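Peer 1: Structure, please.
(chains A and B)
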Amino acid sequence: MTSERVSALPAAPSRPGGARLWLLGIYPLALIALLVLLVLRLGPLGVFQAAFPPVEDLTITRVRLTPGQFQVHVTNGGADPVTIAQVLVDEAYWEHTVAPQRTIPRLGSATVTIPYPWVEGEAHEIVLVTATGLTFSHTVEVAAPSPQPTRAFLLTFTLLGVYVGVLPVFLGMLWFPFLRALGRRWIHFFLALTAGLLVFLGVDALEEALATAAALPTAYHGTALVAVGTLGAVMLLVVAGRLAARRGPRPLVVAYLIALGIGLHNLGEGLAIGAAFNLGEVALGAFLVIGFMLHNTTEGLGIVAPLARTPPGVGHLVLLGLVAGVPTIQGAWLGGFTYSPVLAALFLALGAGAIFQVVYEIARLMAADAAEGLATALNAGGFVLGLLIMYVTGLLVAV
Amino acid sequence: MGFDPSAYLTRFDWGRARPLGGGGSLREYQVVAYDREIEIAPGVFFPAWTFNGTVPGPTLRAREGDRLRIRFINAGTHPHTMHFHGIHTAEMDGVPGIGAGEVAPGRSTVYEFRAEPFGLHLYHCHAVPLKRHIHKGLYGVFIIDPAGGRPPARELVMVLNAFDTNFDGENEVYAVNTVAFHYMRHPIRVRRGELVRIYLVNMTEFDPINSIHIHANFFHVYRTGTRLRTDEFTDTIMLAQGERAILEMRFPYRGRYMFHAHVSEFTELGWMGFFEVTDDDL
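Peer 2: Predicted structure coming up:
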């Protein structure tokens, strides 16, 4: 169709070049800008601007507790500016200050500081009253001091990341000699098991991402943000995989991709642990830490499974373990000190996308290596066993 | 111009009075209903429906036996009425479907009746839905003095009211005379030893009961103000919706004395204030 039309215009060159091409690309944009200007100046927007107050949409993103004080971080996700006029704590009007200013522009943020003698271990309800009288509330479920970025806490969170992320992954990689001694069918069994583990992690990450996204201010379009993160990670890894394939042997590339995917997932896990700690929603008992250790040990197995038949050097193994495990530490820091629900949703979505991409890579690796195809009873059993292992160890770590 | 609770305390509308043949007076009042935003707590604006632009509306005052003529103009956006507590004919009762019934926006009517019985009364809009028309602000105090008058005193009008700002059927702001904590920031000044008379009316919507407690003092209670002898000597009374009482007391010592609802929740949501007792001329 297009070629016919081009050929019907003999005077025009078949392919415009240079400045003309730019012009063709830009003039619709210029027309849109003109249209926006017209609508703003003369347009029918009066129809939408009735006399009633605008629907306000404040989201309380975080509440920090220091001795005798609440710090409430709030974001305006609505269409119009919102003014915070009064603050109620436990159904009483309370002294407070708002920084940088009481009126929060669209997508702007503010911090409300409230001196209040909160009681450790009890629940407190904070309500922001806007100038139009609408209210936005947040309940501090269990009042406890928020962690401060001191050296002691930084160390605690680092150790937590090491226990929960780095050590378990390396422990899992100790299965490497065992895997090497196995025949091809059983290696495939363990690869299928790895795929099962990863699918479970991916579903888990996606669910976490969507749950976090649901709590975002509407203007951020949380679910769409998760789609961007997930699909973005898939595309990123596709490109990374292709680039890497030129340099190293295919199983090693897949192992690195698995490590990267798991690393992103562990970043999300660290965020969740740090944030839960920060938000005063959980006491990190030894039980929870042990649960994460068991859960994450299986991830180490997953990383080395593709390498069983083409063993790399020790240097690669160490690097793989670090790529997968260390992000837990950064996640715990981020979650513990500067929890941002937008970043949390994005990282969790990136992790989910990376993991699904890796499952696809494992399947390709197995297919290239297996004469009898993927759908053997042993492979199916491995896959289901992987899911089950994750499910059972996951029971221990409900944050 | 905002609503000033300090000025409201002592502002009485006696109407335009003309003497009648057989003694007593004809009093003519004009009340206009219109929509107006009122600042009910610092920075919090309530889209009120008002009588004469204030919540509560003007304190209408007369003497027992006077002939009253209230010209009511509806300049608001919804049908309204004025329903007076008192003794009068069905046509003058200001309820939907009887007499003038609901007065449509842009229309007016005249309510006419004799001022009886003496006491402390109220008036409010009786259009439906009733709850909304009342809590949006369409109410005021209606005082009928006994024929012989009451002893001279510093007279203060206090209406217990509250506002549901987020439309959930519960109040976010409680106050005496509309503005939360106003008399904390602007204490009510009275002279030591002088007689203080409080006309107290409960117009709180949604909560069935409100109360007042005055610190470091006791007061005489005249329930509904319809008898000239006291019912009670106490420091705390409770009032149901629409109930009212006249309180009389003297402050024997100088200083600041708190008064508030003895429903602690209401206190911390705005219903709290101070008396400032001085020896100065006021």
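
Peer 1: any weak-confidence spans in the stretch 51-200 of chain A?
Peer 2: A:51-54 (pLDDT under 70).

Peer 1: And whichever residue of the stretch 51-200 of chain A sits closest to chain B, its phi and psi?
Peer 2: Ranked by CB to the nearest CB, the top residue of the stretch 51-200 of chain A for proximity to chain B is residue A:133, at 2.5 Å. All C-beta atoms are positioned from the backbone trio N, CA, C, and that covers glycine. Main-chain dihedrals, residue A:133, degrees, to the nearest 10: phi 90, psi 0.

Peer 1: Checking residue A:111 next. Helix, strand or coil?
Peer 2: strand (DSSP: H, G, I helix; E, B strand; the rest coil).

Peer 1: residues in contact with it?
Peer 2: A:71-74, A:98-99 (CB atoms under 8 Å, 6 or more residues apart in numbering or on different chains).

Peer 1: for chain A, what are the nearby residues on chain B?
Peer 2: Proximity of chain B to chain A, by CB under 8 Å from any CB of the partner chain, involves residues B:41-47, B:163, B:165-166, B:172, B:180-181, B:265, B:268-270.

Peer 1: Where does pLDDT dip in the stretch 251-399 of chain A?
Peer 2: Residues of the stretch 251-399 of chain A that meet the criterion pLDDT under 70 lie in A:276-291, A:397-399.

Peer 1: make it 80
Peer 2: Scanning the stretch 251-399 of chain A for pLDDT under 80 picks out the ranges A:268-269, A:272-296, A:298, A:309, A:336-340, A:365, A:369-374, A:393-399.

Peer 1: The residue of the stretch 51-200 of chain A closest to chain B: what's it in contact with?
Peer 2: So residue A:133 contacts B:44-46, B:163, B:165-166, B:172 (CB under 8 Å, 6+ apart).

Peer 1: just those residues: which has the poorest pLDDT?
Peer 2: Looking at the contacts of residue A:133 by pLDDT, the weakest one is residue B:166, with 88.

Peer 1: give me the number of residues near that one?
Peer 2: Residue B:166: 17 surrounding residues under other CB atoms under 10 Å in any protein chain shown.

Peer 1: ditto for residue B:85
Peer 2: So residue B:85, with other CB under 10 Å, has 16 neighbours.

Peer 1: still on that earlier bit, how about the closest residue in space to the residue of the stretch 51-200 of chain A closest to chain B that isn't next to it in sequence, secondary structure?
Peer 2: Once flanking residues are discounted, residue A:133 sits nearest to residue B:165: 2.5 Å by CB to CB, 6 or more residues apart in numbering or on different chains. Secondary structure, three-state DSSP: residue B:165 is coil.

Peer 1: Now do the phi/psi pair for residue B:165.
Peer 2: phi -90, psi -20.

Peer 1: quick one: it and residue B:275, what's the gap?
Peer 2: Separation of residue B:165 from residue B:275 (CB to CB, to the nearest Å) stands at 28 Å.

Peer 1: same deal with residue A:292?
Peer 2: Using CB to CB, residue A:292 is found at 62 Å from residue B:275.

Peer 1: Spit out the contact partners of residue A:312.
Peer 2: Taking CB under 8 Å, 6+ apart, we find residue A:312 in contact with A:252, A:255.

Peer 1: from what I can see, it looks like it's in a helix, true?
Peer 2: No. Counting by three-state DSSP, residue A:312 is not part of a helix but coil.

Peer 1: and the gap between it and residue A:128?
Peer 2: Applying CB to CB to residue A:312 and residue A:128 gives a distance of 56 Å.

Peer 1: now the contacts of residue A:133 in TSV, with distance to residue B:135?
Peer 2: Putting the contacts of residue A:133 into TSV (distance: CB to CB, whole Å) gives the following:
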residue	distance to residue B:135
B:44	15
B:45	16
B:46	10
B:163	7
B:165	11
B:166	13
B:172	12
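
Peer 1: related to what we said a few turns ago, any of the residues of chain B next to chain A buried? List them.
Peer 2: Among the residues of chain B next to chain A, the ones that count as buried by 16 or more other CB atoms under 10 Å in any protein chain shown are B:41, B:44-47, B:163, B:165-166, B:172, B:180-181, B:268-270.
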